[in-house]
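Student: A structural model of the following input is requested.
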Amino acid sequence: MASEKIVVKRHVKARCLIAILAIIIFIIGLGLGLLIGHIALSDKTGDRITSALKDEDLEIADKLMNSVDPEKLREYFKYFTSRPHLAGTQADNEQALHVKHEWTDYGFDHVEAVPYQLYLSYPSDKDGEDSKVEILNPTTGDVTFTSQLKEEILGFQPHSSDIVPPYNAYSASGIVQGDVVYANYGRMDDFEFLKTNKSIDLRNKIALIRYGFIYRGDKVFNAIKFGIKAVILFTYKPTATEQGKGVYPDTFLMPPSGVQRGSVLGVFGDPLTPGYPATEYAYRYEPDQSRVLPSIPVYPISYGDANEILRRMQGDELPAFWGASDDVTYRCGPGFQAPDSDKKIKVSVYTRNNVTTSYNVIGLIKGDVEPDRYVLLGNHRDAWTYGALDPSSATACLMELARVFGELLKTGWRPRRTIVFCSWGAEEFGLTGSNEWVEEYMKNLATRAVVYFNVDTALVGNDHLQVSANPSLAPMIDETLKKIPDPYPDDTRKTVFDTRKQRMGYKDDPPIYRLSSSSDHAPFSQQIGVPGVIMYYMYGYSHLSWYPLYHTGYDTFHIVDTHYDPEFKHFQAITRVWGELTRKMADALILPIDAAVVGESLRYIYTIVRRYQFTETKIPLLKGISFETLDNAVDTFCNATQHLQEAVTSSTKTDPMEVRLLNDQLMYMERGFIDYIGLPDTEFTTKRNIIYAQSADNSYVSTYFPALRDALNRLATTDDVTTQLKEVEKQIARLTYHLYSAASTVDDVITASLTRGNL
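Tutor: Predicted coordinates for the structure are as follows:
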């Protein structure tokens, strides 16, 4: 028994030793595991910190520059101009699918074709419903003249049967007959001149209005205010032709049969889903509830047809700035002179408006460090006909950039921030595709979008690059343009910047112009405060209006391949600029947004406006109105932006949290300019930017301090001065608030010390 007890004790002791040894091994293993894990985690954390503090790789810029291929640009361009592709048609949808497939093949992380159900407008397709303008005897019905129903086919126009007849989208259908008056550009001042200086009763007249100066839709709504019952729009010959030169197809100038199509919608975006995206589940207003659909017929004609009307008109001869041509003498009307004094104008317009599906194509290259920060670039895809210059020249550039960025991805490169490629649908109808997308993703984009780079039309000429942008982007743009080789350099012009400076006639740096409201950057800038850029190559002919074949059936591959850019070197140059701006903004450690320039430009503009417009000398009724709080708000914002720029300059860039903080302050700086209630008298709150928004008189251009300026301008015409002065005070208060709000976004903490005292 004793020996058995000894054996048992030995077994117990052995088991205890084994257990102790196992525990020791476990503890050592656990310690080693924790140590190895800690080291690995530290390495991983260190890698992430290193990655978060990594600045741009300039070799990528060189690779991008060298990869842009003129032959590929020509190839893309030829495809997109191979047939007419009006928004909502089969050809347009096929091109959207083509873009999606191409971007997927290029290796994008995600590509989608996003459908929207849009209220679009087309000519009637019923037999016998041909829109036209006629000159006739109302008693006998005898017709003296009928405008052309279609443009003449002059060559280089494949699938010409698909060219949509001349029309103005969203015109009311109807047949109107009466006397004609010539109303110049259709501005409010033009109608006032006819009414006051020429003593013409404009009610129930038909207005003949030339294209130019202001958005065609504004012309129509101005006419409605004066009781006009129909509008005829035409291209002014001297702005579309050159003396002694030929016309299409021998040149890029307008032939007598060319007609500019275009929308006359009174708002940007889908008119039946105001403020909300036009999705399948959206609530839609009835068309007769809309205040942005014209209530009168509108129809466009050629300068050849317009001359048939103008040469018959009676009335006073008008000054040269109302029109001067070798073909006709411009008279105001109303009506015709002998032997046509018994004739009237008859306008017949037949349109069909219906909900139609159109697609935006969105492609993502996911950012490696800040995937929740978006650098967007885009262009619209749809066209009234072939859309060679507008928009296919830019579409080709966008496609080439997609290919080049895809090639960079294959080398292992990935941008710091997410790059979003956008191919918009239905822009021609009223910036509709981009507007609906911004409305759908507004809450996301308002907090994550950094910038939007837009190219609507890559070139309307080949003289120099024209650039418009938010002031905060101007230094980066100039820096970029100094890197891009000029398409055709000489001893004095090596870069795109050099050519701009020389040909624009500036000794110092040429200006970056104020951002307009005429293309897909507008929803980003106007609705959510995202800064933007739009650019295009410009011609050197000062008398030409935009480009002569704009929105006609002659805007074809032929005019670019033969007249504008046969070697596609201007295409290459603007693609390089567009790509480098995108790469720089997506890859730079600190966003290349200049806060100080924002403040300086705001102060400069405010000083000019206060000196020459917001004064008692200009508007005597302003006596007693104080601008002191607004003056202080301007100073506060300017000081805040200066301090932010100083913080950027002094940053050591060694703390990832500091880098993120500075970038957020730079990104959100101009979001403070957005008034989500919308500006006064704005349909559907598509105008929210209280510092720069489209003008009340011209939807194509933007103006500074729009709400305040409109309130002041109305003082000159109102019968209720007291109420209007209250409106001025209200707009001063709103503007003051938003400037203080914008100033607070660039401060580290929330404090009232910027704006008000405290206990």
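Student: Could you list the low-pLDDT ranges of the stretch 351-500 of the chain?
Tutor: The stretch 351-500 of the chain contains no residues with pLDDT under 70.
Student: That one: helices as residue ranges?
Tutor: Per DSSP state H, counting those that start in this stretch, the stretch 351-500 of the chain carries helices over the ranges 394-410, 432-440, 442-448, 474-481, 496-503.
Student: try the stretch 201-350 of the chain
Tutor: In the stretch 201-350 of the chain, the segments counted as helices under DSSP H, counting those that start in this stretch are 216-225, 303-310.
Student: now do the stretch 501-650 of the chain
Tutor: Using DSSP H, counting those that start in this stretch, helices in the stretch 501-650 of the chain cover 522, 528, 557-559, 569-587, 595-612, 628-650.
Student: Including distance to Ile301 and mean pLDDT, could these go into JSON lines?
Tutor: No exception for glycine: its C-beta is placed from N, CA and C like everyone else's. Listed next are those as JSON lines, based on distance: least, CB to CB, whole Å; pLDDT from 0 to 100:
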{"stretch": "helix 522", "distance to Ile301": "29", "mean pLDDT": "94"}
{"stretch": "helix 528", "distance to Ile301": "39", "mean pLDDT": "95"}
{"stretch": "helix 557-559", "distance to Ile301": "22", "mean pLDDT": "98"}
{"stretch": "helix 569-587", "distance to Ile301": "32", "mean pLDDT": "98"}
{"stretch": "helix 595-612", "distance to Ile301": "40", "mean pLDDT": "90"}
{"stretch": "helix 628-650", "distance to Ile301": "47", "mean pLDDT": "95"}
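Student: Return the most buried member of these.
Tutor: Of all these, helix 522 carries the top mean neighbour count, a mean of 30, counting by mean count of other CB atoms under 10 Å.
Student: Tell me who's in contact with Tyr547.
Tutor: Applying CB atoms under 8 Å, 6 or more residues apart in numbering to Tyr547 gives the contacts 252, 389-390, 457, 460-461, 539.
Student: er, Leu398 actually
Tutor: 377-379, 421, 423, 455, 578.
Student: number of nearby residues for Thr239?
Tutor: 17 (other CB atoms under 10 Å).
Student: For it, which non-adjacent residue is spatially closest?
Tutor: Nearest residue to Thr239 in three dimensions, chain neighbours excluded: Ser545, at 3.7 Å (CB to CB, 6 or more residues apart in numbering).
Student: Kindly report the same for Met669.
Tutor: What sits nearest to Met669 in space, not counting adjacent residues and going by CB to CB, 6+ apart, is Val746, at 5.5 Å.
Student: quick one: the closest residue in space to Lys78 that isn't next to it in sequence from Leu86, how far?
Tutor: What sits nearest to Lys78 in space, not counting adjacent residues and going by CB to CB, 6+ apart, is Phe557, at 5.8 Å. Counting by CB to CB, to the nearest Å, the gap from Phe557 to Leu86 is 17 Å.
Student: Then Lys205?
Tutor: 32 Å.
Student: what do you get for Leu364?
Tutor: Distance of Leu364 to Leu86, given as CB to CB: 28 Å.
Student: returning to that earlier point: of the contacts of Leu398, which belong to strands?
Tutor: 377-379, 421, 423 (DSSP state E).
Student: hmm, back to that, which residues touch the residue nearest to Met669?
Tutor: Shown in contact with Val746 (CB under 8 Å, 6+ apart): 595, 640-641, 643-644, 665, 668-669.
Student: could these be laid out in CSV, adding distance to Leu465?
Tutor: Output for the contacts of Val746, formatted as CSV (distance: CB to CB, whole Å):
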residue, distance to Leu465
Ala595, 25
Ala640, 33
Thr641, 27
His643, 33
Leu644, 29
Gln665, 31
Tyr668, 30
Met669, 26
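Student: Out of those, which two sit at the greatest distance?
Tutor: Greatest spacing in the contacts of Val746, by CB to CB: His643 and Tyr668 (15.1 Å).
Student: got a list of what Asp142 touches?
Tutor: Leu136.
Student: just Arg83 next, same as before
Tutor: 91, 158-159, 162, 386.
Student: That one: what secondary structure?
Tutor: coil (DSSP: H, G, I helix; E, B strand; the rest coil).
Student: burial measure for Leu318, as a count.
Tutor: By other CB under 10 Å, neighbour count at Leu318 equals 18.
Student: and it, backbone torsions?
Tutor: Backbone geometry at Leu318, expressed as degrees, to the nearest 10, gives phi -90, psi 160.
Student: So for it, what pLDDT did the model give?
Tutor: For Leu318, the pLDDT comes out at 95.
Student: what do you get for Phe145?
Tutor: At Phe145, pLDDT is 98.
Student: Verify the stated contact: it with Ile135.
Tutor: Yes - assessed by CB atoms under 8 Å, Phe145 is found in contact with Ile135 at 4.2 Å.
Student: So which of those two has more stuff around it?
Tutor: Legend: neighbour count by other CB under 10 Å for Phe145 and Ile135, higher for Ile135 (20 against 15).
Student: Now that one: which helix or strand?
Tutor: Assigned by DSSP states H and E, Ile135 belongs to strand 132-136.
Student: Mind listing residues that contact whichever helix or strand comes after that strand?
Tutor: Sequence order places strand 143-146 as the next helix or strand after strand 132-136, per DSSP H and E. The contact list for strand 143-146, computed with CB under 8 Å, 6+ apart, reads 132-137, 305, 308-309, 340, 343.
Student: my read: the residue nearest to Thr239 touches Lys237, true?
Tutor: No - the criterion here is CB under 8 Å, and Ser545 misses it with Lys237 at 10.6 Å.
Student: More neighbours: these two, which one.
Tutor: Of the pair Ser545 and Lys237, Lys237 is the one with more neighbours under other CB under 10 Å, namely 21 against 17.
Student: List just the nearest of the contacts of Leu398 to Thr723.
Tutor: Gly378 (42.7 Å).
Student: if I pick that closest one, what's in contact with it?
Tutor: 398, 421-424, 434, 452-454, 520 are the contacts of Gly378 under CB under 8 Å, 6+ apart.
Student: With distance to Leu630 as added columns, please give those residues in JSON lines.
Tutor: What follows is these, written out as JSON lines (distance: CB to CB, whole Å):
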{"residue": "Leu398", "distance to Leu630": "41"}
{"residue": "Phe421", "distance to Leu630": "41"}
{"residue": "Cys422", "distance to Leu630": "37"}
{"residue": "Ser423", "distance to Leu630": "42"}
{"residue": "Trp424", "distance to Leu630": "37"}
{"residue": "Ser434", "distance to Leu630": "33"}
{"residue": "Tyr452", "distance to Leu630": "29"}
{"residue": "Phe453", "distance to Leu630": "32"}
{"residue": "Asn454", "distance to Leu630": "31"}
{"residue": "Asp520", "distance to Leu630": "32"}
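Student: What about the residues you listed, which one has the most neighbours?
Tutor: Busiest of the contacts of Gly378 [other CB under 10 Å] is Trp424, holding 31 neighbours.
Student: what bridges to that residue?
Tutor: Note on Trp424: beta-bridge partners His380, judged by DSSP bridges.
Student: how much space between Val450 and Leu581?
Tutor: Counting by CB to CB, the gap from Val450 to Leu581 is 12 Å.
Student: now Ile27
Tutor: Look at Ile27 and Leu581: by CB to CB, they are 58 Å apart.
Student: Do you know the pLDDT at Asp62?
Tutor: 96.
Student: ugh, wrong one, Ile6
Tutor: At Ile6, pLDDT is 52.
Student: so where does Ile200 fall, helix or strand?
Tutor: Short version, using DSSP H and E: Ile200 is in no helix or strand.
Student: I'd say it and Val180 touch.
Tutor: No - counting by CB under 8 Å, Ile200 does not reach Val180; the two are 11.3 Å apart.
Student: All the strands of the stretch 601-750 of the chain, residue numbers only.
Tutor: Taking DSSP state E, counting those that start in this stretch as the criterion, the stretch 601-750 of the chain contains strands spanning 692-694, 702-704.
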